[in-house]
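*Asks:* I need the structure of the sequence given here:
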Amino acid sequence: MAEFVKWIGEWCAVVIEAVGVGLIVVLAFYALAIAVFQLYKRFDTDSIYRDLRQRLGRGILLDLEFFVAADVIYSVIVDVTFETVGVLSIIMLIRTFLSFSLEVELNGRWPWQNKE
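*Replies:* Below you'll find the predicted structure:
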């Protein structure tokens, strides 16, 4: 039974990672397609750059959530050792830092600050 649960956990982690990769590709092409359309319609290049950057940043933030979920599933269900839990902790710290950095970069404020 334990092997079946490990197999299911491994399979779920791989599927979630694949969804994350597919999502980042789709969102990147979506953001680029909108930027090309805006260039064609002769929008202001500064606003095109800002919009493209916002869309790509939001896509990356969303994908980070998928990758964190896959890592948690893999570390907790498939390979439960002190080493994998330690690696998961380091990965979570790095990804949390990346998420906060991207949030500040995109919105110009910390996530817990009120919109003004």
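*Asks:* every contact and neighbour count from this point should use C-alpha atoms.
*Replies:* Will do.
*Asks:* top helix in this structure by residue count?
*Replies:* Longest helix in the chain by number of residues (criterion: DSSP state H): helix 2-40.
*Asks:* how about that helix: buried residues?
*Replies:* Across helix 2-40, burial judged by 16 or more other C-alpha atoms under 10 Å covers 6, 9-14, 16-17, 20, 23-24, 27-28, 31-32, 35, 38.
*Asks:* and it, what does it pack onto?
*Replies:* When contacts are defined as 3 or more C-alpha pairs under 8 Å, 6 or more residues apart in numbering; DSSP states H and E, helix 2-40 packs onto helix 45-73.
*Asks:* the helix it packs on versus helix 2-40: what angle between them?
*Replies:* Interaxial angle of helix 45-73 relative to helix 2-40 (axes from the mean of the first three to the mean of the last three C-alpha atoms, to 10 degrees): 180 degrees.
*Asks:* got the angle for the following helix or strand past helix 45-73 vs helix 45-73?
*Replies:* Of the helices and strands lying after helix 45-73 in sequence (DSSP states H and E), the nearest is helix 82-107. Using the same axes, to 10 degrees, the direction of helix 82-107 lies 160 degrees away from that of helix 45-73.
*Asks:* so where is this protein shaky, pLDDT-wise?
*Replies:* Across the chain, the ranges flagged by pLDDT under 70 are 115-116.
*Asks:* 50 - rerun?
*Replies:* Under the criterion pLDDT under 50, no range of the chain is flagged.
*Asks:* ok, the closest residue to Val21 other than its chain neighbours - contacts?
*Replies:* With sequence-adjacent residues excluded and distances taken as C-alpha to C-alpha, 6 or more residues apart in numbering, Val21 is closest to Asp63, at 7.4 Å. Counting by C-alpha atoms under 8 Å, 6 or more residues apart in numbering, Asp63 touches 20-21, 23-24.
*Asks:* likewise for Gly9?
*Replies:* Here Gly9 is in contact with 73-74, 77-78 (criterion: C-alpha under 8 Å, 6+ apart).
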